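Peer 1: Task: produce atomic coordinates for the following.
(chains A and B)
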2 protein chains.
Amino acid sequence: MAFPFEIKATEGKARTGVLKTPRGDIRTPAFMPVGTAATVKAVTTDQLRSSGVDVVLANTYHLMLRPSAERIARLGGLHGFMRWDRPILTDSGGFQVMSLAKLRQITDAGVAFQSHIDGGSHLLTPERAIEVQCLLGADIQMQLDECIELPAEHKEAERAMQLSLCWAERALNAFATRAGPGQALFGIVQGGIDAGLRRRSAEALVGMDFPGYAVGGLAVGEGQELMLTTLEGVLPILPAAKPRYLMGVGSPSDLILSVARGVDMFDCVLPTRNGRHGLAFTRFGAINLRNARHAADPRPLDETSPCEAARSYSRAYLHHLVRVNEMLGAMLLSEINLAYYQELMQGIRAAIGAGTFAVFKAATREAWERGDIPAFNA
Amino acid sequence: MAFPFEIKATEGKARTGVLKTPRGDIRTPAFMPVGTAATVKAVTTDQLRSSGVDVVLANTYHLMLRPSAERIARLGGLHGFMRWDRPILTDSGGFQVMSLAKLRQITDAGVAFQSHIDGGSHLLTPERAIEVQCLLGADIQMQLDECIELPAEHKEAERAMQLSLCWAERALNAFATRAGPGQALFGIVQGGIDAGLRRRSAEALVGMDFPGYAVGGLAVGEGQELMLTTLEGVLPILPAAKPRYLMGVGSPSDLILSVARGVDMFDCVLPTRNGRHGLAFTRFGAINLRNARHAADPRPLDETSPCEAARSYSRAYLHHLVRVNEMLGAMLLSEINLAYYQELMQGIRAAIGAGTFAVFKAATREAWERGDIPAFNA
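Peer 2: Residues are numbered from 1 along each chain as shown, chains lettered A, B, ... in the order given. Below is the predicted model:
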């Protein structure tokens, strides 16, 4: 089915609205934290909710291997398993097969691979990817696609794009048979950084009438400028009334610039992964807490943050936790970063709603460029 | 100073009461979670508080090396640093010097050692141990002692016990000069598992009139029976009106049997360390969540637990988190275990108060021995 998608305001190509799913509203533009193995690393679902997260992403590849989609289905589905009763989007597993699995063999049928964990053989087809996502009980599902590495030969990019289109058809058919009324399937535009291939991919997918469209195969090393150029080519082809999801993106700057081009949904491991490595995202830009400048600083990361941890723990304490490798450092910085991402998305939504997105965008970028507050001299 | 210590009820040798410190009451018998490096691993201080923790322990050795006591003092002390405004007990650093540091050299003056982190040279004397604990702002401080490995020659145990007594005197003098009115210093009984040495140590320390007494050098491999026998020899010598702290102990069974012999305070890494390794403490005894019997079990660890995580996450989910090494597994099991320890202590306190400790002790041990609920057959 297609979830109702209400666009409440636009400013230039940027839009804000609500995607209404049976498990709750997704306010767009939305950032989805990544819950790879049925947990957003180092945070609880209560923390996600209180930072304003509407939807999380989970990884089909990881879950089909451990603990397996069948086991999660027998346990009542992914929502209950991980104690998150709001929407879940699952990827199709394709991207992780390409980046993690061993001995991949791609045929028209699908992709055969060996698990990176125990070497076990698996076959992922467009139909199996839907079956797994239905077993998990995902609200928004993704078609299986082939995501190639960049740079790539034109011929190779074209082959993968065409294969992804075939798989899109098959995914639609499988989804029609298998899925329930509260679920939706998104198609994925591929084609590398070739404008012509991207156009053909987008047009063919639009012809299949998906309830939502993702742009895949970006943010894989091509750089921000090429990513944005590619988006500028693809997004106008996609129907304005349907949600647009940019997969695996990105930095706060990527988000704001992609929203300006018309993207509605994002997911990325950056806030949690960087948090585990001692990096904080703030309105002052990214702050490396490993840096000695914070060692004696009694001030919080950001005294005006809506996130209590960002307001109340000293930089000196966060620095200490990161330096001595304490789990609490990863926990607090993951929470702080996810909260900053949500604060940013909330700011974006409010600004588009008020017709002040251009001002918001400039002010936010200016604050990042101004950088962190001066170091504390004890 | 001596904090007021009100013993509210006794049953046999077991006692329950309140140690009143300026930073808050410590309900005894009390279990203190260990916050080695200014954090109880994988839990927040809010979680500690809501599970009923009155006091935490922090490690002088770790904090003097990183980030240093002087830095913590400049930042306003350990309470603010780690955001815990209730009582903190610090050890003297002696035990960790013996177990972690390199190139230790013990003289009458103190112990010279090299940091296990960067090889830097340090000298820990009875006076320096007090200085560090005062810089940290610890509410309850411990004298420097020498904790030997067991088994040990009588002569060696006697030498270390005598040295610890000399250091106790010096600690008292240093404390009198350095400490503030809201702080207390405990002496530590040593002497290995030799009843005669333990008696001499305890009697000499009682003569010095400490406001509280610890029993050190136990739970280092001698076994529960010898530990309890040693306690039975030492505790009657210590003044009944003062708190008694058994250092580094222990398992739930150790706690209940030591309380029965008159111990008021405990600390141990067991609930958090075992939690990080997939082991849960429950009223059914210890449960290893790594075990395949939990893989498909939709039931919570303990549906009657006061801890929400123990009541609400399925065993299958906890098993999954532990198996895939997700941080959330360590976080939830640390929280669950600390909550169980507090539930146990609360049960002990209430039972002594009601004169039903013998019944509580038997019923609790019987439930542990009965073991876990039968495995779930899916």
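Peer 1: just to confirm, which helix or strand has A:Gly233 in it?
Peer 2: Per DSSP states H and E: A:Gly233 is located in helix A:224-234.
Peer 1: who in chain A is up against chain B?
Peer 2: Among all residues of chain A, those adjacent to chain B (criterion: Cβ under 8 Å from any Cβ of the partner chain) are A:37-39, A:41-44, A:62, A:66-67, A:71, A:74-76, A:80-83, A:295-296, A:298, A:312-314, A:316-317, A:319-321, A:323-324, A:326-328, A:330-331, A:378. For every residue, glycine as well, the C-beta is placed using N, CA and C.
Peer 1: returning to that earlier point: mind listing what's buried along the helix holding A:Gly233?
Peer 2: Within helix A:224-234, the residues scored as buried using 16 or more other Cβ atoms under 10 Å in any protein chain shown are A:Gln224, A:Met227, A:Leu228, A:Thr230, A:Leu231, A:Gly233, A:Val234.
Peer 1: which helices and strands sit right next to that helix?
Peer 2: Contact analysis of helix A:224-234 by 3 or more Cβ pairs under 8 Å, 6 or more residues apart in numbering or on different chains; DSSP states H and E lists helix A:195-208, strand A:213-215, helix A:252-259 as its packing neighbours.
Peer 1: Which of these has the highest mean neighbour count?
Peer 2: With neighbours defined by mean count of other Cβ atoms under 10 Å in any protein chain shown, none of the helices and strands packed on helix A:224-234 is more surrounded on average than strand A:213-215, at a mean of 27.
Peer 1: packing partners for it?
Peer 2: In this structure, strand A:213-215 makes packing contacts with strand A:184-189, helix A:195-208, helix A:224-234, strand A:244-246, judged by 3+ Cβ pairs under 8 Å, 6+ apart.
Peer 1: what kind of secondary structure is A:Ala38 in?
Peer 2: At A:Ala38, secondary structure determined by DSSP: H, G, I helix; E, B strand; the rest coil is coil.
Peer 1: can you check the one 4 residues further on too?
Peer 2: For A:Ala42, the assignment made with three-state DSSP gives coil.
Peer 1: Please, where are all the strands along the stretch 201-350 of chain A?
Peer 2: A:213-215, A:244-246, A:265-268, A:279-282, A:285-288 (DSSP state E, counting those that start in this stretch).
Peer 1: OK, contacts around the residue in the stretch 151-300 of chain A positioned nearest to chain B?
Peer 2: With distances taken as Cβ to the nearest Cβ, the stretch 151-300 of chain A approaches chain B most closely at A:Pro298, which sits 5.4 Å away. A:Pro298 sits next to A:Ser314, A:Arg315, A:Ala316, A:Phe376, B:Leu75, B:Gly76 when contact means Cβ atoms under 8 Å, 6 or more residues apart in numbering or on different chains.
Peer 1: Would you format the strands of the stretch 201-350 of chain A as CSV with mean pLDDT included?
Peer 2: Converted to CSV, the strands of the stretch 201-350 of chain A look like this (pLDDT from 0 to 100):
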stretch, mean pLDDT
strand A:213-215, 98
strand A:244-246, 98
strand A:265-268, 98
strand A:279-282, 98
strand A:285-288, 98
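Peer 1: Any chance of JSON lines for those strands, columns distance to B:Gln346?
Peer 2: Shown next, in JSON lines, are those (distance: least, Cβ to Cβ, whole Å):
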{"stretch": "strand A:213-215", "distance to B:Gln346": "52"}
{"stretch": "strand A:244-246", "distance to B:Gln346": "49"}
{"stretch": "strand A:265-268", "distance to B:Gln346": "43"}
{"stretch": "strand A:279-282", "distance to B:Gln346": "38"}
{"stretch": "strand A:285-288", "distance to B:Gln346": "41"}
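Peer 1: Name the nearest of the buried residues of helix A:224-234 relative to B:Leu205.
Peer 2: Of all those, the one with the least separation from B:Leu205 (Cβ to Cβ) is A:Gln224, at 67.8 Å.
Peer 1: which residues touch that closest one?
Peer 2: Each residue near A:Gln224 by Cβ under 8 Å, 6+ apart is listed here: A:Ser253, A:Asp254, A:Leu257.
Peer 1: mind running it again at 6 Å?
Peer 2: A:Gln224 makes contact with no residue under the criterion Cβ atoms under 6 Å, 6 or more residues apart in numbering or on different chains.
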